[in-house]
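Chemist: okay, sequence plus prediction incoming.
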Amino acid sequence: SKVTREVMAAFLVRAFSYDDAGGGGLFTDTAGSIFANDIDKLATAGVTKGCNPPDNTEFCPTDLVKRDQMASFLARALGLPPIVPPDPDAWPGCTTQSSIPETECGALVALYDATSGDQWTQRAGWLSDPDPCTWSGVTCSAGSVTRLDLNGNELSGSIPTELGNLPNLIGLWLSFNELSGSIPAELGGLADLTFLGLDSNQLSGSIPTELGNLTNLIGLWLSFNELSGSIPTELGNLANLQDMVLWDNQLSGPIPTELGSLTNLTSLGLSGNQLSDSIPTELGNLTNLTLLYLHSNQLSGSIPVELGNLTNLTLLYLHSNQLSGSIPAELGNLTNLTGLYADGNLLSGSIPATLGSLTNLTGLNLSGNQLSGSIPATLGSLTNLTGLNLSENQLSGPIPATLGSLTNLTGLNLSENQLSGSIPATLGSLTNLTRLFLSDNQLSGPVSVTLLQLDGTLQYLYFFGQTGCLTASTTELATWLMSLDANWNDGC
């Protein structure tokens, strides 16, 4: 016979031993049913909700049980989870696409999963479009992934080893993200890779020696991370490399001599680490270098004369190390140099007159060393200089009058030396000067009124701390000097 809803309630109450009627009277239409108590027990157990949604104040006890109602009763009674129909827009998986090999597709999915892909700023197509070659940042050619550019895309987490399954990858750019963990050694198997950019993340651990297998690499950018350990000697195998940028990490140990084999290098950035020992003479073989950044390390020993071979160099940063010995005269061969910074070392001896050949220099800083002797008059040939800092040395003798030819100077700092004689009148020609620091020397004699030509431009003037006596020939000059440095003549 057919089964009504009230009979079904009785069946289920007995089958599942429901005994809580919840106070009774849960529905308005069950008072006359002999199964009213069973119906209340079924409702209290959450197996039924009523028959007149959304109010559900009635149970319809005498209605016949339909197949869909039977299914609902049993699903609730058995605690079965609801069946969610498949999303027609959901990613169908790598097995259903044919644009690239399944292993390459899997590598992309692994990257998405490992780096919180749902939080990326640019993720169009990822795990939604059935063709991975249309995904944001992915470039394919001839049925394979060739480029992956996700710079500045808020990737977080670690780089998955599965990226080693992209054998035809030419460019991998994951810079300016929040990636952590180590660099996978598997990246060393990407034989076609020409560009590897992992800079500006939070990567740690050592640089994998396997990266030395990437013989087609042109650019290697690993700066602004937390990488430690030594620079692998195997990087000397990257004969096609043009840019090696490893600055601002925690790398230690010596600079490998093998880097001297990278004759195609145009930029070498190793600054901001904990590198020690001497600068390899072999770096003098890198004649295509335009940028050499070795500053802010713990390098010691002398500056190799071989650096004078780097005639294409435009910037040479050696400051904030522990370099000693004299400045090689051969640096005067670097006529394309625009910046030479060797401050904050232990350099001694005299300033080579050959530096006067560096007529493209805009910045020269040799401060904070132990340099002695006189300031070469040849420095007056550096007419493109905007900044000259020779302070905190042991320089002696007069200030060369030729410095008055440096009319592009905005800053001149010769303080904390042993300079003597008078202040050259020619310094009044430096009408672009905003900072003139000559304090803590042995200067004396009258200050030329020509310095008044700097009025209006000069913002800072320090003449204090002389062992000699400086004087002013006019009241106007004395007043002006006093307005800039109240102790300008404290040696008198």
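Modeler: The structure has been received and is ready for your questions. Fair warning: this is a prediction, and the values are worked out from it, not measured in the lab. Numbers count the residues shown, from 1 in each chain.
Chemist: mind listing the strands for the stretch 251-400 of the chain?
Modeler: Listed in chain order, the strands of the stretch 251-400 of the chain (DSSP state E, counting those that start in this stretch) span 267-269, 274-277, 291-293, 298-301, 315-317, 322-325, 339-341, 346-349, 363-365, 370-373, 387-389, 394-397.
Chemist: in terms of secondary structure, what does the first one contact?
Modeler: Looking back up the chat, that one is strand 267-269. When contacts are defined as 3 or more C-beta pairs under 8 Å, 6 or more residues apart in numbering; DSSP states H and E, strand 267-269 packs onto strand 243-245, strand 291-293. Bear in mind the C-beta positions are built from the backbone N, C-alpha and C, glycine included.
Chemist: what pairs with the first one, and is each one parallel or antiparallel?
Modeler: Paired with strand 243-245 in the same sheet, following DSSP bridges, are strand 219-221 (parallel), strand 267-269 (parallel).
Chemist: okay, those in CSV with mean pLDDT and mean neighbour count next?
Modeler: Formatted as CSV, the strands paired with strand 243-245 follow (pLDDT from 0 to 100; neighbours: other C-beta atoms under 10 Å):
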stretch, mean pLDDT, mean neighbour count
strand 219-221, 98, 20
strand 267-269, 98, 21
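Chemist: turn those into a markdown table, including distance to residue 68.
Modeler: Output for the strands paired with strand 243-245, formatted as a markdown table (distance: least, C-beta to C-beta, whole Å):
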| stretch | distance to residue 68 |
| --- | --- |
| strand 219-221 | 62 |
| strand 267-269 | 70 |
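Chemist: among those, which comes closest to residue 398?
Modeler: Nearest to residue 398 among these is strand 267-269 (39.0 Å), distances taken as C-beta to C-beta.
Chemist: residues contacting the closest one, please?
Modeler: Applying C-beta atoms under 8 Å, 6 or more residues apart in numbering, the external contacts of strand 267-269 come out as 223, 242-247, 259, 262, 283, 286, 289-293.
Chemist: equivalent analysis for stretch 30-39, please.
Modeler: Contacts of stretch 30-39 (C-beta under 8 Å, 6+ apart): 6-7, 9-10, 13, 21, 24-27, 40, 48, 59, 61-62.
Chemist: buried ones from those, can you make that a PyMOL selection?
Modeler: The PyMOL command for the buried members of these (criterion: 16 or more other C-beta atoms under 10 Å) is given here:
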select buried, resi 6+7+9+10+13+21+26+27+40+48+59+61
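Chemist: thinking again about what came up before, for the strands of the stretch 251-400 of the chain, which one sits closest to residue 188?
Modeler: With C-beta to C-beta as the yardstick, what comes closest out of the strands of the stretch 251-400 of the chain is strand 267-269 (20.8 Å).
Chemist: distance from the chain centre to that closest one, please.
Modeler: 15 Å (C-alpha atoms, centre = their mean, to the nearest Å).
Chemist: need the contact list for residue 367.
Modeler: By C-beta under 8 Å, 6+ apart, the contact list for residue 367 reads 343-344, 389-393, 413.
Chemist: tell me which residue lies nearest the centroid of the protein.
Modeler: residue 200 (2.2 Å; C-alpha atoms, centre = their mean).
Chemist: just the element for that one, please.
Modeler: Here residue 200 is covered by no helix or strand, with elements defined by DSSP states H and E.
Chemist: quick one, what contacts it?
Modeler: 175-177, 223-225.
Chemist: how close does it sit to residue 175?
Modeler: Here the criterion is C-beta to C-beta, to the nearest Å. By it, residue 200 lies 5 Å from residue 175.
Chemist: just residue 14 next, same as before
Modeler: For residue 14, the distance to residue 175 - C-beta to C-beta - is 68 Å.
Chemist: more neighbours, those two?
Modeler: Neighbours were counted for residue 14 and for residue 175 using other C-beta atoms under 10 Å; residue 175 has more, 22 against 11.
Chemist: point out where the protein drops to low pLDDT.
Modeler: Counting by pLDDT under 70, the chain has low-confidence residues at 1, 85-90.
Chemist: let's see it at 80
Modeler: Applying pLDDT under 80 to the chain picks out residues 1-2, 82-92.
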